[in-house]
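1. The sequence isn't on hand, but the structure is:
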């Protein structure tokens, strides 16, 4: 039985979009299937995963137009109402933005901005699907919203795996993949708690190795890693997404070398998270092999795009993705604040990091955060 989620909103004039908070699961799934650019992050099951942890509630907005319907996935923080924030999507949960049964227009997005400006939240953020950024930029109001630049990488999958491998992968990357295939690496994938645990243990190992390499306190860095990316987050995502989320693990003689979290829904696939054992990956290029396996599976499923995500300004991560043929997209996050929350948060995080002796400077701190997508330098 479907659920509906309530949030008051004004009804716009008859010749405009009509915003509503009544979004059923059936309606959401139907519109998602009609949008060829929709990503797994914009699915109903992904929102269900976000809200399962108890930190957020689903307040998705539905916009009715004369030609069709659109949905803005939107999650609000739980807690004191007057201090609540809302995001599409929350930090660490990917990009959001509008999905629609009809082509998205600047006019529709302008009315979305107007509708959201009337909501009571202390802070509002929208991080739309990167290929649609030109429309969002044209619709952005002249005042009230701040545009925060971001960059992501997306691989075009048209033509299938043979075209992608031969024409988009760089020759050096093809050679590394062949080397990995001959390196006695075993690749397994699954959605069970055991697979999620294997990935998470490798993530914590990566964090510890990173701390040792930089002369940082291992216990403190491990704890910080658990706070930034708690285990329950991956557990609820695997449960909520079902077989649409797969954990890929490359092992050598029973020892995990690399692991990645892969999402696939509709015509898009996502490389959500990745971690590896630095002591083994140079000899056994598990990361390269896992990327090939995920890209191949996405092609075989008929996906048109493979989202490799942001890199936090870390050039080595960007080059890793570009070697697979992924193109960079400069896009943005749109922020509306009643108080300067973001500036205070950044300043506080930097001070805490420095006081704890975990970072040497602001640049290192930002690089250590990487992005919403990658957990390791790969």
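-> Now that the structure is in, tell me what you want to look at. Because the structure is predicted, anything quoted here is derived from the model rather than measured.
2. Stretch 300-314: end-to-end distance?
-> 31 Å (Cα to Cα, to the nearest Å).
3. Go through it and flag the buried ones.
-> Of the residues in stretch 300-314, those with enough neighbours to count as buried (16 or more other Cβ atoms under 10 Å) are 303, 305, 306, 307, 308, 309, 310, 311, 312, 314. C-beta here means a position set from N, CA and C on the backbone, and glycine is covered the same way.
4. Over to stretch 214-228?
-> Applying a neighbour-count criterion of 16+ other Cβ under 10 Å, one finds 216, 221, 224, 225 buried in stretch 214-228.
5. related to what we said a few turns ago, with respect to residue 61, which of the buried residues of stretch 300-314 is nearest?
-> Closest approach to residue 61 among those (Cβ to Cβ): residue 307, at 23.0 Å.
6. Next, format the buried residues of stretch 214-228 as TSV and append distance to residue 333 and pLDDT.
-> Listed next are the buried residues of stretch 214-228 as TSV, based on distance: Cβ to Cβ, whole Å; pLDDT from 0 to 100:
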residue	distance to residue 333	pLDDT
216	29	94
221	27	95
224	24	95
225	24	95
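7. Confirm that residue 103 lies within a strand, as I assumed.
-> No - membership of residue 103 in a strand is not supported by DSSP: H, G, I helix; E, B strand; the rest coil, which gives coil.
8. ok, back up a step: what about the buried residues of stretch 214-228, which are in helices?
-> When DSSP state H is applied, the buried residues of stretch 214-228 are split such that 221, 224, 225 fall in helices.
9. what's the burial count for residue 53?
-> Other residues near residue 53 number 14, with proximity taken as other Cβ atoms under 10 Å.
10. so which helix or strand takes in the nearest residue to it once chain neighbours are set aside?
-> Leaving aside its chain neighbours, residue 53 sits nearest to residue 236 (5.7 Å; criterion: Cβ to Cβ, 6 or more residues apart in numbering). Secondary-structure assignment from DSSP states H and E places residue 236 in helix 231-241.
11. What mean pLDDT does that helix get?
-> For helix 231-241, the mean per-residue pLDDT is 97.
12. Next secondary structure element downstream of it?
-> Next helix or strand after helix 231-241 toward the C-terminus (DSSP H and E): strand 245-252.
13. which helices and strands does whatever helix or strand comes next after that following strand pack with?
-> Under the assignment DSSP H and E, the closest C-terminal helix or strand after strand 245-252 is strand 255-265. Secondary structure elements in contact with strand 255-265, counted by 3 or more Cβ pairs under 8 Å, 6 or more residues apart in numbering; DSSP states H and E, are helix 44-52, helix 193-214, helix 231-241, strand 245-252, strand 268-276, helix 278-281, helix 286-300.
14. Compare those and give me the one nearest residue 174.
-> The stretch from the helices and strands packed on strand 255-265 with the least distance to residue 174 (Cβ to Cβ) is helix 286-300; that distance is 9.1 Å.
15. which helices and strands does the closest one pack with?
-> Partner elements for helix 286-300 (3+ Cβ pairs under 8 Å, 6+ apart): helix 161-163, helix 171-181, strand 185-190, strand 245-252, strand 255-265, strand 268-276, strand 305-309.
16. burial count for residue 289?
-> Residues lying near residue 289 (other Cβ under 10 Å) number 24.
17. Pull the contacting residues for it.
-> When contacts are counted by Cβ atoms under 8 Å, 6 or more residues apart in numbering, residue 289 touches 177, 180, 181, 185, 187, 250, 258.
18. likewise residue 261?
-> With contact set as Cβ under 8 Å, 6+ apart, residue 261 has these partners: 199, 234, 237, 245, 246, 247, 248, 271, 272, 273, 274.
19. With residue 148 instead?
-> For residue 148, counting by Cβ under 8 Å, 6+ apart, the contacting residues are 332, 333, 334, 335.
20. Which of the contacts of residue 261 has the largest number of neighbours?
-> When neighbours are counted as other Cβ under 10 Å, the busiest of the contacts of residue 261 turns out to be residue 274, with 30 neighbours.
21. That one and residue 316: what is the separation?
-> 13 Å (Cβ to Cβ, to the nearest Å).
22. same check, this time on residue 162
-> Distance of residue 162 to residue 316, computed by Cβ to Cβ: 28 Å.
23. Quick one: mean pLDDT over stretch 273-292.
-> Rounded mean pLDDT across stretch 273-292 is 91.
24. Any idea how far apart the tips of it sit?
-> 15 Å.
25. Please apply the same query to stretch 163-172.
-> Across its full length, stretch 163-172 reaches 16 Å between end residues, using Cα to Cα.
26. Equivalent analysis for stretch 113-127, please.
-> The straight-line separation of the ends of stretch 113-127 (Cα to Cα) is 13 Å.
27. sorry, back to before: surely the residue nearest to residue 53 and residue 46 touch.
-> No - under the criterion of Cβ atoms under 8 Å, residue 236 lies out of contact with residue 46, with a separation of 10.5 Å.
28. So for the two, which sits in the more crowded spot?
-> residue 46 (25 against 19).
29. Can you give me the pLDDT of the more buried one?
-> Per-residue confidence for residue 46 comes out at a pLDDT of 98.
30. again, but for residue 7
-> We note a pLDDT of 37 for residue 7 in this prediction.
31. So the residue nearest the centre of the chain: helix, strand or coil?
-> If you average the C-alpha coordinates of the chain and look for the closest C-alpha using Cα atoms, centre = their mean, you land on residue 94, 2.4 Å from that point. With three-state DSSP as the basis, residue 94 sits in coil.
32. For the closest residue to it other than its chain neighbours, give me its contacts.
-> The spatially closest residue to residue 94, leaving aside those adjacent along the chain, is residue 41, at 3.5 Å (Cβ to Cβ, 6+ apart). The contact partners of residue 41, taken as Cβ under 8 Å, 6+ apart, are 73, 89, 93, 94, 95, 96, 263, 270.
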